[in-house]
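Asker: requesting a structural model of the entry that follows:
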Amino acid sequence: MAKKLLTDVTIRNTKPTEKELRLNDGSGLYLLVKKNGAKWWRFDYTFNKKRKTLWRFLVSQIQIQHIVQLFRQVIAKLNDIAPLTGHGRYVFPSE
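Answerer: Numbers count the residues shown, from 1 in each chain. So this is what the prediction gives:
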């Protein structure tokens, strides 16, 4: 996990810039701030050397404490599934 995790205050106070902005929260979870001001939670991982985005939520749809809880559950499930597929393993950015 990232050393400085995102807080509600950081999320609310982040303003859009000319480029899309990524604020990492660790292990593939990040907040994407679009140029139009939309804020999206995203979760990326790598499987068989290909980057995938598992889900996307608008910040207004889910609170940070719920997103972190969901994120931990997703990582646990992916780690449980990986040995069953036999095709490779899931890699998270912090590994």
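Asker: go ahead and confirm residue 16 touches residue 32.
Answerer: No. The criterion here is CB atoms under 8 Å, and residue 16 misses it with residue 32 at 10.8 Å. Every residue, glycine included, has its C-beta placed from N, CA and C.
Asker: got the residue ranges for the strands in this structure?
Answerer: Assigned by DSSP state E, the strands in the chain fall at 21-26, 29-33, 39-47, 50-58, 90-91.
Asker: partner residues bridging residue 58?
Answerer: For residue 58, the residues forming beta bridges with it (DSSP bridges) are residue 40.
Asker: so who does residue 23 touch?
Answerer: By CB atoms under 8 Å, 6 or more residues apart in numbering, the residues touching residue 23 are 6, 10-11, 14, 30-31, 33.
Asker: one more pass at 6 Å, please.
Answerer: Going by CB atoms under 6 Å, 6 or more residues apart in numbering, residue 23 touches 6, 31.
Asker: ok, longest helix in the protein?
Answerer: Assignment by DSSP state H gives helix 64-85 as the longest helix of the chain.
Asker: return that helix as CSV; C-alpha atoms alone will do.
Answerer: Output in CSV follows, covering the C-alpha atoms of helix 64-85 (Å, rounded to 0.1, in the frame of the first residue of the first chain):
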residue,chain,number,x,y,z
ILE,A,64,-13.9,6.0,0.7
GLN,A,65,-14.3,3.6,3.7
HIS,A,66,-16.5,1.4,1.5
ILE,A,67,-14.2,1.5,-1.5
VAL,A,68,-11.2,0.4,0.7
GLN,A,69,-13.2,-2.4,2.2
LEU,A,70,-14.4,-3.5,-1.3
PHE,A,71,-10.8,-3.2,-2.6
ARG,A,72,-9.4,-5.5,0.1
GLN,A,73,-12.2,-8.1,-0.6
VAL,A,74,-11.4,-8.0,-4.4
ILE,A,75,-7.7,-8.6,-3.8
ALA,A,76,-8.4,-11.5,-1.5
LYS,A,77,-10.8,-13.0,-4.1
LEU,A,78,-8.3,-12.5,-7.0
ASN,A,79,-5.6,-14.2,-4.9
ASP,A,80,-8.0,-17.1,-4.3
ILE,A,81,-8.9,-17.5,-7.9
ALA,A,82,-5.4,-17.2,-9.4
PRO,A,83,-4.3,-20.8,-8.5
LEU,A,84,-7.5,-22.2,-9.9
THR,A,85,-7.1,-20.7,-13.4
